[in-house]
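>>> no letters, just coordinates:
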């Protein structure tokens, strides 16, 4: 089956620093990747949708200058949390969709736990 | 409202059936999904149903869809302790991005 990886799985950083999270589709080409955020005991909230080679589409309320998304290739998307603050601490999950699939299933990565001190 | 709603918690005994319910919001949603999330992990797709279907069965899983009431349910037969997890329903809304909107999640606890 399709596999999506994320790196790192856990990261702890100081307030004010930037953190980059990678999302890779390992055995398929992902025309679209999605970034979600999940707070403890809560649901997944879509942050942005990115299509390879074009700018990401951000959901309402998500700061595009704070959460930089790059989808430079069909197998890699990155999310950079700039000038991170403790309130950015969360579980970040990406998903990838292969174009042309019948029901356009999204395959999810294992998530990255970000803790900002 | 805009939220896809689920009950927060369900406790069952091993061997019993579990039924997890979901009320979604967009009648034009094309696909509806059930995902499983174990602690500290990503999401695993369990099953999905196309909006023109009423029921789908896949081994121990049965999905029922009432499109009129925008109600979706997941029945797990012969529930096992390994089924303990959080279950999310999700609706795929139309439009260019076909984005998924997730429910609030139901924590299923299976007692031995």
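Yes, it's here. Treat the numbers as computed from the prediction; the structure is a model and nothing was measured.
>>> right, is the helix-or-strand element of chain B with minimal mean pLDDT up against chain A?
Across the helices and strands of chain B, the lowest-confidence element by mean pLDDT, DSSP states H and E is strand B:100-102, at a mean of 89. Yes. Using Cβ under 8 Å from any Cβ of the partner chain, strand B:100-102 reaches chain A at B:100, B:101, B:102. Any C-beta I mention is one placed from the backbone N, CA and C, and that applies to glycine too.
>>> mind checking how far the residue lying closest to the first one once chain neighbours are set aside is from residue A:40?
On the basis of Cβ to Cβ, 6 or more residues apart in numbering or on different chains, the spatially nearest residue to residue B:100 that is not a chain neighbour turns out to be residue B:90, at 4.5 Å. Distance from residue B:90 to residue A:40, counting by Cβ to Cβ, to the nearest Å: 19 Å.
>>> up against chain A, what does chain B have?
Within reach of chain A by Cβ under 8 Å from any Cβ, chain B has these residues: B:31, B:35, B:40-45, B:48, B:50, B:88, B:92, B:97-105.
>>> run the last query once more with 10 Å
Residues of chain B lying close to chain A by Cβ under 10 Å from any Cβ of the partner chain are B:3-4, B:6, B:8, B:30-31, B:33, B:35, B:37, B:40-45, B:48-50, B:86, B:88-90, B:92, B:96-105, B:107.
>>> what's the ChimeraX line that selects buried ones from those residues?
Remark: buried members of these, expressed as a ChimeraX selection using 16 or more other Cβ atoms under 10 Å in any protein chain shown:
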select /B:4,6,31,33,35,37,41,42,43,45,48,49,86,88,89,90,92,97,98,99,100,101,102,103,104,105,107
